[in-house]
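A.B. asks: Test case, fold it:
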Amino acid sequence: MRFDYLTLDEVLAIHANQIEIYGGAHDIRDLGALEAAVARLKSGYYTDLIAEAAALWESLAQNHPFIDGNKRAGFACMVTILRINDARFEPSQSETIAFILDLYETGTFSFEKLEPWLRVHVALLYE
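C.D. replies: Next up is the predicted model:
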């Protein structure tokens, strides 16, 4: 199945929205890291939408392409890519926060943790 991807401009708009809502700096720290995160999904390496969403989330949160708001932008882009491809992110806000905080507190925020968690918490509406 072919999926719709976020463009660089769309990722920038999502980041800007997160900064407007929650505060922080708008600037890009590393354009190459940002472009790589957006391009990562089109590599053909990932087998499905959930793996692609996890890869985007990890890339934006961990590679710090922005001065501020990387984790927020990564999360928001992950949810957006799921929505535009007819999938629903289903966990509660408290469950999501607990999961993310645990990963950062234990230093285990990675694709290998995100992808299986998303498989449990995302409903694919196109199947």
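A.B. asks: residue ranges for the helices of this protein, please.
C.D. replies: Taking DSSP state H as the test, the helices found in the chain are 8-22, 31-40, 49-62, 70-84, 93-106, 111-121.
A.B. asks: Mean neighbour count, those: which tops it?
C.D. replies: Compared across the helices of the chain, helix 49-62 shows the largest average neighbour count, a mean of 23 (mean count of other C-beta atoms under 10 Å). In this view, the C-beta of every residue, glycine as well, is placed from N, C-alpha and C.
A.B. asks: could you check the angle helix 93-106 makes with that one?
C.D. replies: Put simply, helix 49-62 runs at 60 degrees to helix 93-106, going by axes from the mean of the first three to the mean of the last three C-alpha atoms, to 10 degrees.
A.B. asks: Leaving out the residues flanking it, which one is nearest to the residue nearest to the spatial centre of the chain?
C.D. replies: In the chain, the residue lying closest to the centroid (C-alpha atoms, centre = their mean) is Trp57, at 2.5 Å. Counting by C-beta to C-beta, 6 or more residues apart in numbering, Met78 is the residue found nearest to Trp57 once chain neighbours are left out, at 3.8 Å.
A.B. asks: Val79 now?
C.D. replies: Taking C-beta to C-beta, 6+ apart as the measure, Val79 lies nearest to Phe89, with 5.0 Å between them; neighbours along the chain are not counted.
A.B. asks: With Phe89 as the reference, measure out to the closest residue to Pro91 other than its chain neighbours.
C.D. replies: The shortest distance from Pro91 to any residue that is not its chain neighbour, by C-beta to C-beta, 6+ apart, is 4.4 Å, and that residue is His121. If you measure His121 against Phe89 using C-beta to C-beta, to the nearest Å, the figure is 7 Å.
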